[in-house]
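[1] Task: produce atomic coordinates for the following.
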Amino acid sequence: MSEFTLHDKTTAPEASQPLLQNSLDGFGMIPNLHAVMAEAPGLLAGYQQLHQLFTETSFDADEQTVVWQSINVEHACHYCVPAHTGIAKQMKVDDDITEALRNETALPTAKLEALRDFTLSVVRERGHVSEDAVQRFLDAGYTKRQVLEVVLGVAQKTMSNYVNHLAETPVDKPFQKFEWHKAA
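    The predicted model follows:
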């Protein structure tokens, strides 16, 4: 695999430098994912914008975590699962939710399970989700707006998961304690 540079504000292309400052301001560090993405300023800008937009959806913190981690686990992202485990802790998401997502076991509520099922349908079916699957999601208490907001989450996580696969992005030190490997 080709090595990708972990950029900082001194090595990044000029257009990525303010984006890396956004990362520093928001996270107190430059996550390695952002450091890799900085090679392509448009990618980093797009990712940061999608992240911001997804955090502003109608989903609460538990639901955002279900969408993010369902995708991360499905894509077997060695970087994003630990990172979003740490983020979930910062967002005060119950550890039972996080562990169920990481281990692909039952979530604590039927509604969250319906969200995971629908998210995985969108990913696995590449958006060609059956009307029955959409109806089950709506019947669980979600809305058509949230059908589309799942697509936003899928777009964001596909960007990061694929970059991490290509770059073999090293997990950031604060998240290394949440190391994860997909069960066989």
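[2] so where is the chain shaky, pLDDT-wise?
    Counting by pLDDT under 70, the chain contains low-confidence ranges at 1.
[3] which residues in it form helices?
    Taking DSSP state H, the helices of the chain run over residues 17-27, 32-37, 41-55, 61-74, 80-90, 95-103, 110-124, 131-139, 144-167.
[4] Apart from its neighbours in sequence, what residue is nearest residue 113?
    In space, residue 113 comes closest to residue 107 once its chain neighbours are excluded; the distance is 4.7 Å by Cβ to Cβ, 6 or more residues apart in numbering. Where you see a C-beta, it was placed from the backbone N, CA and C, and this is true even at glycine.
[5] is it true that that neighbour touches residue 100?
    Yes - the pair residue 107 / residue 100 is scored as a contact, 4.8 Å apart, by Cβ atoms under 8 Å.
[6] List the contacts of residue 8.
    By Cβ atoms under 8 Å, 6 or more residues apart in numbering, the contact set of residue 8 is 20, 30, 35.
[7] How about residue 116?
    By Cβ under 8 Å, 6+ apart, the neighbours of residue 116 are 66, 70, 101, 107.
[8] how far away is it from residue 154?
    As judged by Cβ to Cβ, to the nearest Å, residue 116 and residue 154 stand 13 Å apart.
[9] Residue 180 too?
    In terms of Cβ to Cβ, residue 180 sits 20 Å off from residue 154.
[10] next one: residue 133
    When residue 133 is compared with residue 154 (using Cβ to Cβ), they lie 14 Å apart.
[11] likewise residue 109?
    22 Å.
[12] who's more crowded, these two?
    Applying other Cβ atoms under 10 Å to residue 109 and residue 154 shows that residue 154 carries more neighbours, namely 22 against 12.
[13] still on that earlier bit, so which of the contacts of residue 8 is the closest to residue 77?
    Residue 77 has its nearest neighbour among the contacts of residue 8 in residue 35, at 16.3 Å by Cβ to Cβ.
[14] Alright, calling it a day.
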